[in-house]
Every structure is written in structure tokens, then in C-alpha cells.
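# Prediction below, plus the sequence it came from.
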Amino acid sequence: MRDIVVTPRLTIPAGELSIAFARSGGPGGQNVNKVSSKVDLRWNPTTSAALTTDDRTLLLEKLANRLTTDGELIVTSTLTRDQIKNRDDAASKLALIVRSALFRPKARRATKPSKASKRRRVEAKRHRAQIKRNRRGDD
């Protein structure tokens, strides 16, 4: 197994990953009973040296429902009938999960409307009111 590059500043070392193979269900005929193509990729973010303390806290908070009682994140792939492709798929799934969990949205800066925009809004309201007033046939 190779290191998994999650972001430019975060790479999960291959030594922290454990991989297991099992027989996969689904189509494949007799081949299904012989070949272990299902891939289980495990990574423990609680003990990972690749994470900073801030990243670890954020990751454990966001992935709390996906972690086992031991704190492991398990990613499974049965996408294809080929073990190597499933291994690559599981690695990319893990990278995607971790990348999305570590995403921090930019903080919104409060802004005020400019005087000109306020003036334009009021003028538009007055203009619209005038149009409606003109439609009335004061009988």
C-alpha cells in the first residue's frame, strides 16, 4: 500500500493503514467464490502522526458516527471484481472522506449596504408606487 495524499499538507503514511480482503458478493459467477476482491481499508485518526491537534479534533468531531469504538475509520470497496482496482478505490474514498471532514468554510464578514444602494432601493420603491398609483382610476 502507498501513502495516501489527502491535501497538499496532509499525507496519510502507508504504515498507519491496515488492509484486509474478503470475498465480495454480487455478479461474477463462480469467480465470486474463489477470489477475495472486497477491500476493507482501516485508518485510526486518533493515533495518526499525520494530523495536527486541531485537525485531529475537527476530524474526530465530524467523523464521530463513522468511527468504530476503537476509533478506526473503515472504508470498504466492492466496486469492481478486481482487488487492485478496489484497493485504489478504497484509498480514494478515504482521501475524499478525510478531505471533506477537514474542510473549513470561510468565515462570513458582516457588511452593510452602501448609501447609494439604499438610495437606489428607495427610489425604485417610490417609482413602483407611482406606477401603481397611476393605474388607479379614482372614480
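Sure, I can see it.
# alpha carbons only for contacts and neighbour counts from here, please
Noted.
# so how far is the first residue of stretch 8-25 from its last?
In stretch 8-25, first residue to last residue: 36 Å (C-alpha to C-alpha, to the nearest Å).
# average pLDDT across that stretch?
Averaged over stretch 8-25, pLDDT sits at 90.
# what do you get for stretch 118-128?
The pLDDT scores in stretch 118-128 average 98.
# Only C-alpha atoms, please: export that stretch in PDB.
Written as PDB, here are the backbone C-alpha positions of stretch 118-128 (Å, rounded to 0.1, in the frame of the first residue of the first chain):
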ATOM      1  CA  LYS A 118     -30.000  52.300  -0.100                       C
ATOM      2  CA  ARG A 119     -31.000  55.400  -2.200                       C
ATOM      3  CA  ARG A 120     -31.500  53.300  -5.300                       C
ATOM      4  CA  ARG A 121     -33.700  50.800  -3.400                       C
ATOM      5  CA  VAL A 122     -35.900  53.600  -2.000                       C
ATOM      6  CA  GLU A 123     -36.100  55.300  -5.400                       C
ATOM      7  CA  ALA A 124     -37.200  52.000  -7.100                       C
ATOM      8  CA  LYS A 125     -39.900  51.600  -4.400                       C
ATOM      9  CA  ARG A 126     -41.100  55.200  -5.000                       C
ATOM     10  CA  HIS A 127     -41.100  54.600  -8.800                       C
ATOM     11  CA  ARG A 128     -43.100  51.400  -8.400                       C
END
